[in-house]
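Peer 1: using only what follows, build the 3D model:
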Amino acid sequence: MVEYIQGQSVLILGVTAAFTDSAGIIPTYFSHQAGLKQLGIDNVIIYSVNDSAVVGIWNKKLVEEAAAAGITNSLLTFFGDPSGAFTKACGMELDQTPELTHMGLFGRCKPFALYIDKGVVRNVEVDGTKLSAPFLMQR
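Peer 2: Just a heads-up that it's a prediction; the model follows:
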């Protein structure tokens with residue numbers, strides 16, 4: 001990941017899993033790409049603790065939905081973190097609860113956003129209700 005974002009201003013969004021409620025904020029990033037670019041964001045990286053096949057299907061679905069609304073994707077990149085290595089490195093592991101265990105969700109990511117400007121973390125938000133594009137654009 002470090003090599004991928006080197007020299008860029010990026011917003012990294014971690015969601016619990018693809019296709020979940022915490023991932024419901026992603027369409028706001030499609031519709032606010034121009035505003036994010038005006039703020040100097042070079043890339044919005046969306047990732048979840050899922051394998052690349054799941055993330056690829058999720059990405060395709062979201063891009064198709066955006067295209068149906070007349071929106072093209074020029075800013076968002078999707079990544080899978082199948083082992084949870086990036087999640088652990090960021091200290092963003094979701095606390096395991098009986099409900100998560102019952103659903104078969106282990107080692108998942110807290111919903112969070114990192115704003116990284118040229119390798120320096122400038123802001124961290126850890127709250128699923130505050131991760132929509134319009135909210136973060138005001139920060």
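Peer 1: mind listing what's buried in the strand or helix carrying Lys60?
Peer 2: Per DSSP states H and E, Lys60 falls inside helix 52-68. Of the residues in helix 52-68, 54-55, 58-59, 62-63, 66 count as buried by neighbour count, 16 or more other CB atoms under 10 Å. For every residue, glycine as well, the C-beta is placed using N, CA and C.
Peer 1: can you tell me which of these is closest to Cys90?
Peer 2: Among those, Val55 lies closest to Cys90 (CB to CB), at 17.3 Å.
Peer 1: how many neighbours does the closest residue in space to the closest one that isn't next to it in sequence have?
Peer 2: The shortest distance from Val55 to any residue other than its chain neighbours is 3.9 Å, reached at Gly80 (CB to CB, 6 or more residues apart in numbering). By other CB atoms under 10 Å, the residues close to Gly80 number 19.
Peer 1: Gly80: what's it in contact with?
Peer 2: By CB atoms under 8 Å, 6 or more residues apart in numbering, the contact list for Gly80 reads 47-52, 54-55.
Peer 1: same question for Asp127.
Peer 2: Going by CB under 8 Å, 6+ apart, Asp127 touches 111-112.
Peer 1: redo the buried residues of helix 52-68 as a markdown table? Include distance to Ile41.
Peer 2: Converted to a markdown table, the buried residues of helix 52-68 look like this (distance: CB to CB, whole Å):
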| residue | distance to Ile41 |
| --- | --- |
| Val54 | 25 |
| Val55 | 21 |
| Trp58 | 21 |
| Asn59 | 18 |
| Leu62 | 18 |
| Val63 | 18 |
| Ala66 | 17 |
